[in-house]
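K.L.:
Provided below are the primary sequence and the corresponding predicted coordinates.
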Amino acid sequence: MGSSRSRKKRNTEEMRSSNTESGDMMTLGKNLSETTDPLAKAIADEEAERREKARKVAAEECKAYRGPMMRWMFANPGRWSQFLAESEYPRFPDYARVMSGGCPGFAAGVLHWPEDMILGGVKRQLKGAAMTSADALQSVFLVASPNDVFLRFKQKGSRAPAKPGLNQSSWNEELAKEVIQQWQRNFTRMLYRHRDNFDEEGFERRTIHPLASTSIADMLEEFCQFNYKIIFVGYGLMLVYAIFTQMKRDGGLPSSQSCMGLALAGVLTVTFASVSGLGLATWCGIEFNAATTQIVPFLTLGIGVDNMFMLLHNYHDVILLTNQHEIGILMRETGMSILCTSINNILSFLAGTMLPIPALRSFCAQSSILLTFNFIAILTLYPAIISIDLRRRKAGMRDVFCCLRGETRQESYSMITKPHFQEKRTVGESMPRIISYKDIEEEPEPEPFSLHSLIRNYYIPFVEKKSVKISVLCASLVLLVLAVCGMRQAAIGLELSDVLPEHTAPAKFLQARDKYFSFYPMFAVIKGPNIDYPVQQQQIDKYRNAIAQSKFVIKRKSGEPSEKYWLGMMRDWLTSIQEAYDVEMAQGKFNLTDGELNGNVSEDARIAHRLICSYGNIYQCEGRVGRIRLVDGTRTINNDGFYNYLTAWYNQDNMMYYVSQGSFYPTPPKWSLTDKKAPLLVPPAEPLAYSQIPFYLTGLTDTTVIIEMIKAIGVIAFAVFIVISILLFNPWAAFNILVILVVMTVELAGFMGWAGVKMNPVSAVTLITAVGIGVEFTAHVVLAYLTSLGTRSQRTSSAIDRVFVPVIHGALSTLLGILMLGFSEFEFVVKYFFVVMSALIVIGVINGLILLPVLLSLIGAPQEVFSTDGKSRLNLPPPIRRRELDGEEDDEGLMMVSGGGREFRNIAI
């Protein structure tokens, strides 16, 4: 116990001692803490201040250096040394050396851009040496297809959508197509307005001409709308001219002999007929295009009113010769002439539909429909309108102001009072001439200072001179020689830039491309169900190589065409996976006995293994692994598995398929190596019915169009000859017309050569239609010549006196109709239609009213009708029979008898 007490006492003293020491330590820690707090705080404040300074410095540096690195380096060339050694300074590449001969694309092993396709205006010191400079660079961006964009942003299963906020329920390929088109528009707009195109003062320092697939379509849609302002102005000018030429005044007001109302009605008749024709063309599915909206309304108006002027000119003559059946006589006198010209105009435009250009075929088809409607309206509606005006004229009422009486009936409708004869007479017996043309010396003189007076008193005597005839023939021969020379120097071809409005962005792009990059894409098409691709691989290669021998095909340095094609790309791909397969085979990863895998292999080797085991609809590895090669030593693809390999290449190397522009039809089936549910067999593709081999050509001219144009001109010229021969029953007269038409066509083609108008489908249409329009200047003269009496010279003078004025009015009205084409925003409309059509009218007037009369006076068709009394004029033929004679008129009865005296026909006039 004593020992235990002593131990407790000792422990208690030790605890007291430790507590005393602990208290001393706490006191010491407290004192140390009070001493070190100010120091730690000072250190922390200093660290915070340093960090704040560093943050401010970093913020200043970020503010100074943020933005594109290249822009900062461009603005601060003297500060590059802060982070770059001098040897690391950026330097411009030697573009002349790098791009000589072309350059590789993003896939250098596959894509190679030939120099001719990406650089223009190349200059070299020596031929074949590296280039020293180039004036233009061209780059191409391949835009994804609508289907690709649709699949890219389509939500897949439970995955998050690739485009947040996209309405998946309305997302489809059509919407994707609209997105692509809008992106293209915005992209081209951004490139045009890019700030780097201009210097600090706002002057252009570089020119970029972007063109998207939507650019031309947008522009054509804008300019293919009807310009109603121009149309109204054109039709207004035509109305003013027609009214002015038919105006006759009496005391400051239109006289009763004036035909201003008929002129107005005629232009409106043609206008409404043209509108009806456009409606029928639309109903037939003929699409509107730039030619339709810019040319057809004016061209058909100018041609359509020609017949109106012919009717009105003869209308004045007919009412001076008879007081009954005026409309019938008018149509009999004028109808044949209108029929000849209208049918040939229609046929000429129908011949233009032979050209292999859809837009021009539509233009020619629409024009022929409109001219047909104009022809029908002029022969049906317009005579009815004339008959109404005839009643006004007989009543002595003024023109336009129909409520006002003009001259007396005797003055306004001067007729010789007819004697009354009741007895019947036999044709050939002498009887009073009731309705007759007066002899030319007895005909009333035309109004002084009028066009008719000038023709009769000055022009006809001038043309009848022998020296003038010789001069006309010599001048025509000189013009013909000059025309042939012009045809020889005419350029051939049609560039898209020739068709587009000159001030538009697409036109600028195409003009630059035509200047620097004169190349054209072409495809050699392999088409037909009887092509055996597996067996004929070598023939297809030889076919491609044979085309590549042409000097017009753009080639690489190796002589290969610039564009690879699908069979070659497929062969390269099969070769690459065959090599991977051979590597795995050498490592023993395939069992040569049963053909199965012995271990893990690469993806290319797995594809090759599947293909080796697949042939047709059979999957069999035994006996094929290690023996069958995808491509043999002659670079021929294995025949029995060709279409299986085609499916694999189409799906596994899909990008190269699009690069090859193969355009397979039918397309191979879908297949994927990773599809666990699919059978091991790679399904064979169906035999191809269509595939393409791409080429790029340069330095070509379009000879095919010229051949088509010659064919069409030959067809319409032959058609004119046949039509005129049938209608006139006179091949000699038809031959006279044909000679003038050929001369006109040659002279027009020569003018186009001298004026710099290219020979192409557009000018071909003009030349083809020129044959038909030229009939307007010839058929009237020839028909008047055939229906006249006397010698060739006398008949020629009579024909000129009868039809010169309406032909001139028709020519001027046609020229006035196409005048508005000169204000078109399409350069090709001005150049190929306004200029050429204006030249056609001038050439037509020269040949139809100067050369043709000279030819007719020398080698015209023989006389067809003869006068029994020896006079130079025939009595007017009896008018159309009337079923009921007019009660107020006692007219003569004419009895026609046969040779034996038997009564043949009784016609009352």
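P.N.:
Great, that's in hand.
K.L.:
just the strands in the stretch 201-350 of the chain please.
P.N.:
Listed in chain order, the strands of the stretch 201-350 of the chain (DSSP state E, counting those that start in this stretch) span 249-250, 253-254.
K.L.:
Can you redo those strands as a markdown table, where the extra columns are mean neighbour count, mean pLDDT and distance to Val805?
P.N.:
Yep, even glycine has a C-beta here, placed from its N, CA and C like the rest. Formatted as a markdown table, the strands of the stretch 201-350 of the chain follow (neighbours: other C-beta atoms under 10 Å; pLDDT from 0 to 100; distance: least, C-beta to C-beta, whole Å):
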| stretch | mean neighbour count | mean pLDDT | distance to Val805 |
| --- | --- | --- | --- |
| strand 249-250 | 14 | 78 | 19 |
| strand 253-254 | 18 | 82 | 20 |
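K.L.:
Among those strands, which comes closest to Leu320?
P.N.:
strand 249-250 (17.2 Å; C-beta to C-beta).
K.L.:
For that closest one, what is the distance to the chain centroid?
P.N.:
51 Å (C-alpha atoms, centre = their mean, to the nearest Å).
K.L.:
next one: stretch 342-360
P.N.:
16 Å.
K.L.:
got it, and stretch 301-313?
P.N.:
The answer for stretch 301-313 is 31 Å, by C-alpha atoms, centre = their mean.
K.L.:
With stretch 297-311 instead?
P.N.:
27 Å.
K.L.:
so Pro383 sits right up against Ile327, yeah?
P.N.:
Yes - if you go by C-beta atoms under 8 Å, Pro383 and Ile327 touch, sitting 5.4 Å apart.
K.L.:
The one residue sitting closest to the centre of the chain and Leu858: what is the separation?
P.N.:
The residue lying closest to the centre of the chain (C-alpha atoms, centre = their mean) is Ala359, at 5.6 Å. Ala359 sits 44 Å away from Leu858, taking C-beta to C-beta, to the nearest Å as the criterion.
K.L.:
now swap in Gly302 and tell me
P.N.:
32 Å.
K.L.:
after whatever helix or strand Pro521 lives in, next one along is what?
P.N.:
Following DSSP states H and E, one finds Pro521 within strand 519-527. For strand 519-527, the succeeding helix or strand toward the C-terminus, using DSSP H and E, is helix 537-548.
K.L.:
what's the offset of the helix or strand following that next one from the middle of its chain?
P.N.:
Toward the C-terminus, helix 537-548 is succeeded by helix 566-586 as the next helix or strand (DSSP H and E). Offset of helix 566-586 from its chain centre (C-alpha atoms, centre = their mean): 46 Å.
K.L.:
Which residues belonging to helix 566-586 are considered buried?
P.N.:
Within helix 566-586, the residues scored as buried using 16 or more other C-beta atoms under 10 Å are 566-574, 576-578, 580-581, 584-585.
K.L.:
again, but for stretch 313-333
P.N.:
313-315, 318-331, 333.
K.L.:
now do the same end-to-end measure for it.
P.N.:
11 Å (C-alpha to C-alpha, to the nearest Å).
K.L.:
Likewise for stretch 555-562?
P.N.:
End-to-end for stretch 555-562, by C-alpha to C-alpha: 5 Å.
K.L.:
Quick one: distance of it to the chain centre.
P.N.:
33 Å.
K.L.:
List the buried residues in that stretch.
P.N.:
Buried-residue list, stretch 555-562, by 16+ other C-beta under 10 Å: Lys555, Pro561, Ser562.
K.L.:
Just send the residues you listed back as JSON lines, with distance to Ile376 too.
P.N.:
Formatted as JSON lines, those follow (distance: C-beta to C-beta, whole Å):
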{"residue": "Lys555", "distance to Ile376": "58"}
{"residue": "Pro561", "distance to Ile376": "56"}
{"residue": "Ser562", "distance to Ile376": "56"}
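K.L.:
Looking at those residues, which is nearest Gly236?
P.N.:
Ser562 (55.5 Å).
K.L.:
For that closest one, give its distance to Leu477.
P.N.:
51 Å.
K.L.:
The strands of the stretch 201-350 of the chain into a markdown table, with extra columns for distance to Val143?
P.N.:
Shown next, in a markdown table, are the strands of the stretch 201-350 of the chain (distance: least, C-beta to C-beta, whole Å):
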| stretch | distance to Val143 |
| --- | --- |
| strand 249-250 | 68 |
| strand 253-254 | 66 |
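K.L.:
Minimum distance to Tyr650: which of these has it?
P.N.:
With C-beta to C-beta as the criterion, Tyr650 lies closest to strand 253-254 of these, at 79.5 Å.
K.L.:
Indicate each strand paired with the closest one and its parallel or antiparallel sense.
P.N.:
Strand 253-254 pairs in its sheet with strand 249-250 (antiparallel), by DSSP bridges.
K.L.:
tell me which of the buried residues of stretch 555-562 is nearest to Lys156?
P.N.:
For these, the nearest to Lys156 is Ser562 (38.6 Å; C-beta to C-beta).
K.L.:
returning to that earlier point: and the strand holding Pro521, what other elements does it pack with?
P.N.:
helix 537-548, strand 690-698 (3 or more C-beta pairs under 8 Å, 6 or more residues apart in numbering; DSSP states H and E).
K.L.:
what's the angle between the last one and strand 519-527?
P.N.:
Between the axes of strand 690-698 and strand 519-527, defined by axes from the mean of the first three to the mean of the last three C-alpha atoms, to 10 degrees, the angle is 160 degrees.
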